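Student: requesting a structural model of the entry that follows:
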Amino acid sequence: MQIKLLKQILFFFLIIFYLFAGYNHFANPSFYLPIIPPYLAAWAKEINIVSGIAEIILAILLIPKATRALAVKGIIIMLIAFIPAHIYFIQKGNFMLGSFTVTPTLSFVRLLVGQPILILWVWWSSKF
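Tutor: Predicted coordinates:
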């Protein structure tokens, strides 16, 4: 019974996380635009908008059981699609993200630990 409650709590936070992340693409685009790899720079604004819309829609689709599996697949595909940006972070070296310095080591950890944890969080917490 406690595992089910934990899954429900993590699932609730997952929805909030993606709603906020999607909203933040519109409220704070200057956070996202510099981290879009240069080979996609011509479409940086569009990529930011589409990413924000996708995160909001997928968060909403997580709520009903009927669309949950589709939303989980969509979020996992989106997380995989963001891998080139994480590789770009590593190649870029040290850079500032707001007042925070992102180092190549932090970028490696985010890619090799953070992304798999997010993928597992999406998959595991939606199974209740």
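Student: partner residues bridging Thr101?
Tutor: In this entry, Thr101 is beta-bridged to Met96, by DSSP bridges.
Student: how close does it get to Ile47?
Tutor: Between Thr101 and Ile47 the distance is 24 Å, computed by C-beta to C-beta, to the nearest Å. The C-beta positions use only the backbone N, C-alpha and C, and glycine is treated the same way.
Student: same thing with Asn94?
Tutor: 23 Å.
Student: in terms of neighbours, single out the busier of Thr101 and Ile47.
Tutor: Ile47 (18 against 10; other C-beta atoms under 10 Å).
Student: SS state for the residue nearest to the spatial centre of the chain?
Tutor: Nearest to the geometric centre of the chain sits Leu79, at 5.8 Å (C-alpha atoms, centre = their mean). Following DSSP: H, G, I helix; E, B strand; the rest coil, the label given to Leu79 is helix.
Student: test my guess that it contacts Gly114.
Tutor: No - checked against C-beta atoms under 8 Å, the pair Leu79 and Gly114 is beyond contact range at 9.6 Å.
Student: now do the contacts for Leu19.
Tutor: Neighbouring residues of Leu19 by C-beta atoms under 8 Å, 6 or more residues apart in numbering: Glu55, Ile56, Ala59, Ile60.
Student: dihedrals phi and psi, Ile36?
Tutor: In terms of degrees, to the nearest 10, the main-chain angles of Ile36 are phi -80, psi 130.
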